[in-house]
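Student: Show me the folded form of this:
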Amino acid sequence: MFRSAKSAALLMAVAVFAGVLSGCEKRETTTGEKGPAEQAGQKVDQAASRAGEELNKVAEKAGQGLQQLGQKLQSEAEQAQQQQPKKE
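Tutor: Residues are numbered from 1 along each chain as shown. Predicted structure coming up:
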């Protein structure tokens with residue numbers, strides 16, 4: 001039927017590829033419910049979103065703290081500069 005082993009291998013590869021693709025096809029359920037993998041994916045997305053929001057809050061607080069520290073250091077540096085005797 002096949003003239004060469006290459007043709008047989010090619011046909012086999014196409015058949016496997018078609019089988020893999022058919023397994024990946026999105027199937028709609030009659031009840032409209034999401035499958036377990038899609039539900040798990042949504043939970044992961046929600047958790048990542050919440051974690052990102054919390055990380056933003058922490059970063060904002062850290063930024064405010066660093067800004068206050070910078071202002072304090074600048075104030076202390078100005079005071080120290082004023083206390084030094086003037087050189088003529």
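Student: For the residue nearest the centre of the chain, give me the pLDDT.
Tutor: With distances taken as C-alpha atoms, centre = their mean, the residue of the chain nearest its centroid is Ala48 (7.2 Å). Model confidence at Ala48, given as pLDDT, is 94.
Student: Against Lys86, how distant is it?
Tutor: 59 Å (C-beta to C-beta, to the nearest Å). C-beta: built from backbone N, CA, C; applies to glycine.
Student: where's Ala15, which helix or strand?
Tutor: Using DSSP states H and E, Ala15 maps to helix 5-24.
Student: Skipping its backbone neighbours, what lies nearest Lys34 in space?
Tutor: Distance criterion C-beta to C-beta, 6 or more residues apart in numbering; nearest residue to Lys34, sequence neighbours excluded, is Gln42 at 7.4 Å.
Student: in this structure, which ranges drop under the pLDDT threshold?
Tutor: Applying pLDDT under 70 to the chain picks out residues 1-3, 22-31, 88.
Student: Can you give me every residue that contacts Gln83?
Tutor: Gln83 makes contact with no residue, according to C-beta atoms under 8 Å, 6 or more residues apart in numbering.
Student: ok now stretch 70-79, how far from the chain's centre?
Tutor: 38 Å (C-alpha atoms, centre = their mean, to the nearest Å).
Student: Contacts for stretch 37-44 next, please.
Tutor: Counting by C-beta under 8 Å, 6+ apart, Lys34 sit against stretch 37-44.
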